[in-house]
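Q: got a predicted model here, sequence first, then my questions.
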Amino acid sequence: ANFYKRLNKKSKYDYKGGRKVAIKVMHLDAQDRFKNDLEIFRWLCKVALPGWSPIIKEFENQILTEFNYMNEAENLRSVRENMLASPYRKKVVIPSPLIEYSTPNVLIMEYLDGVKLAQAAEDELAVILNGDKKLAKLLFDEKRTALFSGALPESPVEEMKSLLPKIRHFPFHQRAVAVINLALFQRRQRKAVEL
């Protein structure tokens, strides 16, 4: 997340005819900063983790694609088209990029006012947990961390076991409700994916 903040800045502006657009501008020195950080990391790996060179090279190649917002605009357009052709088109909205006004350093897209998908999922979990937003946030953050670290448990039972120590400070009845409702929430998610 810190790298992402250093890479760009997002703002909302009015466009022709009162249409709201989001403008994402890359910091001028973002690519230089990244290359400098990567050189330091490469040196550290050479000393401490010499076998990581291929991983670092792949990471570099992947991240360097992030420095051209025309690629991001095209990907956004493609994802939007796919979503509009899916059964979720009425539930999930992807902003339309204004490719003709975008550049490699500036991405202009339709501004969407509303709740982000991650926030909507967290809110739904809070409803399932009888309105306990604090517990919902904790469980949702834990799930997100596991997802991005690649450490997802093999089964819902394993996942429940991994979550229990993290919610130990909650009263027993809240822990029990959390585990049961999280299982129901996951079942609902699986059924939605099957649609």
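A: Right, received. Where do you want to start?
Q: so which residues of the protein form helices?
A: Ranges of helices within the chain are 2-7, 30-48, 53-64, 69-84, 117-128, 133-149, 156-163, 172-194, based on DSSP state H.
Q: what helices or strands is the third one leaning on?
A: Where contact means 3 or more C-beta pairs under 8 Å, 6 or more residues apart in numbering; DSSP states H and E, helix 53-64 is packed against helix 30-48. From N, CA and C alone the C-beta is placed, and that goes for glycine too.
Q: measure the residue nearest to Ala22 when sequence neighbours are not counted to Ile40 for me?
A: Closest residue to Ala22 apart from its sequence neighbours, by C-beta to C-beta, 6 or more residues apart in numbering: Tyr111 at 4.5 Å. Tyr111 sits 37 Å away from Ile40, going by C-beta to C-beta, to the nearest Å.
Q: the two: which has the busier surroundings?
A: Counted by other C-beta atoms under 10 Å, Tyr111 and Ile40 do not tie: Tyr111 has more neighbours, with 17 against 9.
Q: so who does the more buried one touch?
A: Residues near Tyr111 by C-beta atoms under 8 Å, 6 or more residues apart in numbering: Lys12, Lys20, Val21, Ala22, Pro95.
Q: quick one: it and Ser96, what's the gap?
A: 10 Å.
Q: could you do Met83 as well?
A: 11 Å.
Q: count of residues packed around Met26?
A: 19.
Q: with adjacent residues omitted, what lies nearest to it?
A: Met26 sits nearest to Asn105 (C-beta to C-beta, 6+ apart), 4.6 Å away.
Q: surely the one you found touches Glu66?
A: No. Contact criterion C-beta atoms under 8 Å: Asn105 and Glu66 do not qualify, at 11.9 Å.
Q: just grab the bridge partners of the closest residue to Leu76 other than its chain neighbours for me.
A: Nearest residue to Leu76 in three dimensions, chain neighbours excluded: Pro97, at 4.6 Å (C-beta to C-beta, 6+ apart). Legend: beta-bridge partners of Pro97 under DSSP bridges are Met109.
Q: surely Pro97 meets Ala73?
A: Yes. If you go by C-beta under 8 Å, Pro97 and Ala73 touch, sitting 4.0 Å apart.
Q: what do these two both touch?
A: With C-beta under 8 Å, 6+ apart as the test, Pro97 and Ala73 both reach Leu107, Met109.
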